[in-house]
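J.: sequence and computational prediction follow.
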Number of protein chains: 2
Amino acid sequence: MANIKDVAERAGVSVATVSRVLNGRSPVAETRERVLAAVEELGYRPNVVARALRTARTRTLGLVISDLRNPFFTELADAVEQEARRLGYSLIIGNAGESPEQQDDYIRTLLDRRIDGLMVSSAGTGSAMLREVVAAGTPLVLLDRSVPGVAAPCVRAEGRAALTGLAAHLAALGRRRPAVIVAPAGTPIGDERLELFRAALLAHGIALPPERIGSSPDLSPSGGRQVTRDLLDLAEPPDAVLATDNLMALGALDEVRARGLRVPDDLALVVFDDVPWFAHTDPPLTAIAQPTRELGRAAVHTLLERIEGRPAGSVLLPARLVVRRSCGEPPTH
Amino acid sequence: MANIKDVAERAGVSVATVSRVLNGRSPVAETRERVLAAVEELGYRPNVVARALRTARTRTLGLVISDLRNPFFTELADAVEQEARRLGYSLIIGNAGESPEQQDDYIRTLLDRRIDGLMVSSAGTGSAMLREVVAAGTPLVLLDRSVPGVAAPCVRAEGRAALTGLAAHLAALGRRRPAVIVAPAGTPIGDERLELFRAALLAHGIALPPERIGSSPDLSPSGGRQVTRDLLDLAEPPDAVLATDNLMALGALDEVRARGLRVPDDLALVVFDDVPWFAHTDPPLTAIAQPTRELGRAAVHTLLERIEGRPAGSVLLPARLVVRRSCGEPPTH
DNA sequence: GCTGCGGATGTAATCGATTTCTTGGGGGCT
DNA sequence: AGCCCCCAAGAAATCGATTACATCCGCAGC
C-alpha cells in the first residue's frame, strides 16, 4: 500500500508538501495538481493510524451500551452510529450486557484505543471507571441513564408530559387500579418514571399503592412475566399495567395470554419505549415513545462540543404518548 | 498520560527493557519487578495507536452489516462482538442500511483504519469494493450472504434439513397450497431457500406455482404486507405462507389480522430467522432458526485463520425447524 | 590468561503521518 | 539599488511504541 513518501517521490516534491496539499494548506496550483495526480495514480490513502499517533486524535468515538439486543438500544446505537459517521467519526460499539464488570472492561479497552470521546448508557449503578474517565479528561456523555457522582452531561428523555397524558387517558377510560412493572431496584431512570406516573395519577385521584408496584429481577421478558403473575394474583388485581421497559412488557403479554385474559378488555397494557414491533402485536400496544434517534444525535453533538473544548450541558427531550388500542377505545382519528 | 519513557525513567532502565518486560521477552527477575512496579505506580497503559503503527496490526476487526435494526443481524453482530472481544480484538460495526453505496463507503473507512480483517454481510448483489478488498490482501469473510465473484470464505446457514422438515410438517397437517414471500430479486440466499423448499414440497407431491411466490420490494414489514395482500387476493389463496425474513413476516401477520383471518386456522405462517419476539406473538410462530451465535463465532474464527495466514474454507451450519403453533396442532411434548 | 559465547540491557532505526523551523527567491517599497 | 517581507517548499523533529543491532558482562574451556 502506497504511503506518503511514494506520493512525494512520484510528484517530485517533499512529504511535507504532500501533507499540506492533502490538508488544504498553502501550496500553489501547479505543485498541487502534480501531487493530486500522484495520489490518484497510486491510489494513495493516508494511514489513519500514523495520523492519529501524531495528532493525538483518532476520530473515533466509543459507545458502551447496556444491552445491544434490547431493540430500544439497538435503535439508539444505530442513530448514534449514523450521526457520528455523518460528522466524519467512526464508532466502536461495546455491549455491556447489563454487567458492570463487562462495562468497565470495555471502557478500559476504549481508553486504550485513545478514542476521542465516550458515550455510555451505564449498566447498574455508579462505576469507579466512569469517574476515572472523567478524571483522565476524556470527554464523556451519559446516555439514557444518568449516574450519580459522575460529572458529565447526560442526554436522555423525560416522561412528564407523556405520563401525565397517560394518566388522563387511563382515567378517562375508567381504569382505577393501575400497576407498574419497574426495572431492578436502583436504576435511577426507572424510579423517576414511577414517581412521575404516581404524581400524574394522583391528579386524577387515583392511587398507586406499593403492592401494585412490581420490581423485576432483570430487564427481560421472563422477569416481566414473573412480576405480572404476582400482580394478577393479588386479591384486587390491577386493571392497567405500565411496563417501564419493552422487554418486560413482552413477558407481561405472555402471562396475560397464558391466563386467557384479553388486552384491553381485562387488562390495559402500556409500554415504555415504542419499538417498531409493538405496532405489530395484537392488539397494537399503546406506548410511551422516546425520541430515540434524536437522543442519539444529541448525544453525538454534545460529545463533539466537549471534544472541541466547549462546555455542554445535559439534554432532556420529551417522550411522547402514542395511543394505540391496548387500553381500550381505539383512537378517534 | 504516562508513556513508556516515563516508565523507563522511573524504573531506571531503557524503554527497550520496559517493552520487553511487557511483551514477555527475556529480562531477569529483579529488573522485571522494578519495571512492573513503575507501571503500577504510574498507571501506565501502552498506547495502542503507536503499537499499531509499528507492528502494522491494529487488533481491530470490521463488521459491515446490511441492516442493524433487523433483529437477526443484531444478534449476529452481538455474537461476533463477544467472540472478537474474547479473543482480544475490538470490533467496529458498520451499518449499511441495505444500501450498496453506504456499504462501500463504510468498507473504505474500515480499510483506512487498517483493520486486521473484515466481515461483510453484503447488501445487494456484487460489489467492486469487495473485490478490491480481496485484491488489497485484507482478510475477508462473507457472512450470511455469499457474493458471486468474490474469492473469500463464506459463513452461513443452510436450510435443507429444516425446509425438508417443514414440508413434511405442512403436508402432515394437510396444507396443500403453500406460498412463499421472498426477498427482493437477486438476493442469492433467498433464491436458495426458495428452491430448497420447492424441492422438499415436491417430495410430498405438493406444487409451488409461480403465482404463489411473492417477491417483496424490500426487507420490511410493509413489503411483506403488500405481498401477503396479493397472495390472499388470489382466486385460490394459499393455506400456508413461508416468509424468508422476519421483518416481512411481521407485515404478513398484520395483513392477516386486518382481514380478520386467524393463524393457524385460516392460514399457516412460518418465518425464517427465529428472533426472540416470535415466541411472544399470538400464536407463537413456527420458525426456521438459524444458529445465529454459532455463525458469529465461526465468522470470527474463520477470519482469524485468514489473518494468521492459514487457509480457511467456507462454513455451512444447518438451520433448525422450531415448531410452535402457527401451522396448527401444538407440538406434542 | 586469552578467546568465545550467551544473556541482559542499552542505542538507535523504524512505522507514516503532521508540523516546526529553515531556506531561498521574488516582489514591493523607499 | 537596497532592504524587507512574505510565501512556497524542503529538512528534520515528533508522536510512542517495537525491534535489529551493539555493548558489556561474567564464565567456561583450552
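T.: Received it, and whenever you're ready, just let me know what you need. Numbering: from 1, shown residues only, chains lettered A, B, ... in the order given.

J.: tell me how far the residue of the stretch 201-333 of chain A found nearest DNA strand C lies from residue A:111.
T.: Residue nearest to DNA strand C within the stretch 201-333 of chain A (CB to the nearest atom of the strand): residue A:308, separated by 14.6 Å. Bear in mind the C-beta positions are built from the backbone N, C-alpha and C, glycine included. For residue A:308, the distance to residue A:111 (CB to CB, to the nearest Å) stands at 19 Å.

J.: my read: residue A:62 touches residue A:96, true?
T.: No: between residue A:62 and residue A:96 there is no contact under CB atoms under 8 Å: 11.8 Å.

J.: neighbour count winner among those two?
T.: Remark: of residue A:62 and residue A:96, residue A:62 carries more neighbours, 27 against 23, as counted by other CB atoms under 10 Å in any protein chain shown.

J.: name the nearest residue to the more buried one, ignoring sequence neighbours.
T.: residue A:110 (3.8 Å; CB to CB, 6 or more residues apart in numbering or on different chains).

J.: which element is the one you found on?
T.: helix A:100-112 (DSSP states H and E).

J.: residue contacts, the residue positioned nearest the centre of chain A?
T.: When CA atoms, centre = their mean is applied to chain A, the residue found nearest the centroid is residue A:76 (4.4 Å). Residues in contact with residue A:76, defined by CB atoms under 8 Å, 6 or more residues apart in numbering or on different chains, are A:65, A:121, A:143, A:144, A:292, A:295, A:296.

J.: let's see 6 Å
T.: Counting by CB atoms under 6 Å, 6 or more residues apart in numbering or on different chains, residue A:76 touches A:292, A:296.

J.: residue A:47: neighbouring residues, count only.
T.: 18.

J.: can you check the one 5 residues further on too?
T.: A count of neighbours around residue A:52, defined by other CB under 10 Å, yields 23.

J.: pLDDT value on the residue nearest to residue A:62, please?
T.: The per-residue pLDDT reported for residue A:110 equals 94.

J.: that one contacts residue A:63, correct?
T.: No: with contact defined as CB atoms under 6 Å, residue A:110 does not reach residue A:63; the gap is 8.9 Å.

J.: before we move on, the earlier item: who has more neighbours out of residue A:308 and residue A:111?
T.: When residue A:308 and residue A:111 are compared for neighbours, residue A:111 comes out ahead with 19 against 11, by other CB under 10 Å.

J.: excluding chain neighbours, what is closest to residue A:230?
T.: Distances taken as CB to CB, 6+ apart place residue A:214 nearest to residue A:230, at 5.9 Å, with adjacent residues excluded.

J.: again but with residue A:46, I slipped
T.: Per CB to CB, 6+ apart, closest to residue A:46 is residue A:22, 6.7 Å.

J.: please apply the same query to residue A:280.
T.: Of all residues not flanking residue A:280 in the chain, residue B:250 sits nearest, at 4.7 Å (CB to CB, 6+ apart).

J.: hang on, the earlier thing: can I assume the residue nearest to the centre of chain A sits in a helix?
T.: Yes: under DSSP: H, G, I helix; E, B strand; the rest coil, residue A:76 sits within a helix.

J.: how close does it get to DNA strand C?
T.: Taking CB to the nearest atom of the strand, to the nearest Å as the measure, residue A:76 falls 32 Å from DNA strand C.

J.: hmm, residue A:7 is touching residue A:40, no?
T.: No: using CB under 6 Å, residue A:7 is not in contact with residue A:40; the gap is 9.8 Å.

J.: who's more crowded, those two?
T.: residue A:7 (26 against 10).

J.: secondary structure class for that one?
T.: Using three-state DSSP, the structure places residue A:7 in helix.

J.: if I pick it, what's in contact with it?
T.: Residue A:7 is in contact with A:18, A:38, A:39, A:42, A:44, counting by CB under 6 Å, 6+ apart.

J.: how about a cut-off of 8 Å?
T.: Residue A:7 sits next to A:15, A:18, A:35, A:38, A:39, A:42, A:44 when contact means CB under 8 Å, 6+ apart.

J.: cool, residue A:224 as well?
T.: A:181, A:216, A:243, A:245, A:247, A:248, A:249, A:250, A:251, A:252.

J.: equivalent analysis for residue A:118, please.
T.: Applying CB under 8 Å, 6+ apart, the residues contacting residue A:118 are A:61-64, A:107, A:110-111, A:133, A:138-141, A:303.

J.: ok, 10 Å please
T.: Counting by CB atoms under 10 Å, 6 or more residues apart in numbering or on different chains, residue A:118 touches A:61-64, A:92, A:94, A:106-107, A:110-111, A:130, A:133-134, A:138-143, A:152, A:303, A:306.

J.: what's the answer for residue A:127, then?
T.: A:100, A:101, A:103, A:104, A:107, A:120, A:133, A:147, A:149, A:150.

J.: same check on residue A:277?
T.: Under the contact definition (CB under 10 Å, 6+ apart), the residues listed for residue A:277 are A:71, A:246, A:250, A:285, B:71, B:221, B:247, B:250, B:275, B:277, B:280, B:281.
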